[in-house]
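*Asks:* next comes the sequence, and after it the predicted model I'd like to discuss.
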Amino acid sequence: MLDDLIPFRPKWMRAAACRGLGVGAFFADEKATQAQARTVCDGCPVRDECLEFALADRTVTGIWAGTDDRERRAIRRERRRAA
């Protein structure tokens, strides 16, 4: 079923370090589990694309590009101030 959705995902997602991993760590509330997800993001070759995707869609939750919801709100605020 999930494989049916692959053609609809952005192309950069196919190169993501998290591809094929379970999503549980990326949507967990526990800090230790979030740390594991952030470690995966640290070396991801498409981290910039992932961050821009998460910043563009305010409904995105969880860990994206090594950032959580709170951190992305702060990035958006900072970008608005700089503009």
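*Replies:* Ah, there it is.

*Asks:* so for the helix or strand harbouring Arg77, mean pLDDT?
*Replies:* In this assignment (DSSP states H and E), Arg77 forms part of helix 69-82. Helix 69-82 shows an average pLDDT of 96 in the prediction.

*Asks:* which residues does stretch 70-83 contact?
*Replies:* Around stretch 70-83, the neighbours that count as contacts under Cβ atoms under 8 Å, 6 or more residues apart in numbering are Leu51, Ala54, Leu55, Val60, Trp64, Thr67. From N, CA and C alone the C-beta is placed, and that goes for glycine too.

*Asks:* I'd say the first one and Thr67 touch.
*Replies:* By that I understand Leu51. Yes. The pair Leu51 / Thr67 is scored as a contact, 6.6 Å apart, by Cβ atoms under 8 Å.

*Asks:* residues near Trp64, how many?
*Replies:* For Trp64, the count of nearby residues is 23 (other Cβ atoms under 10 Å).

*Asks:* for it, give the beta-bridge partners.
*Replies:* For Trp64, the beta-bridge partners are Thr67 (DSSP bridges).

*Asks:* residues in contact with it?
*Replies:* Residues in contact with Trp64, defined by Cβ under 8 Å, 6+ apart, are Phe26, Cys41, Cys50, Leu51, Phe53, Ala54, Arg72.

*Asks:* can you put those residues in TSV and add distance to Arg9 and neighbour count?
*Replies:* Output for these, formatted as TSV (distance: Cβ to Cβ, whole Å; neighbours: other Cβ atoms under 10 Å):
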residue	distance to Arg9	neighbour count
Phe26	15	20
Cys41	17	20
Cys50	12	24
Leu51	16	19
Phe53	10	16
Ala54	14	22
Arg72	20	19
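
*Asks:* now the residues you listed in TSV, with secondary structure and distance to Glu78?
*Replies:* Written out in TSV, the entries for the contacts of Trp64 read as follows (DSSP: H, G, I helix; E, B strand; the rest coil; distance: Cβ to Cβ, whole Å):
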residue	secondary structure	distance to Glu78
Phe26	helix	23
Cys41	helix	19
Cys50	helix	18
Leu51	helix	13
Phe53	helix	18
Ala54	helix	15
Arg72	helix	11
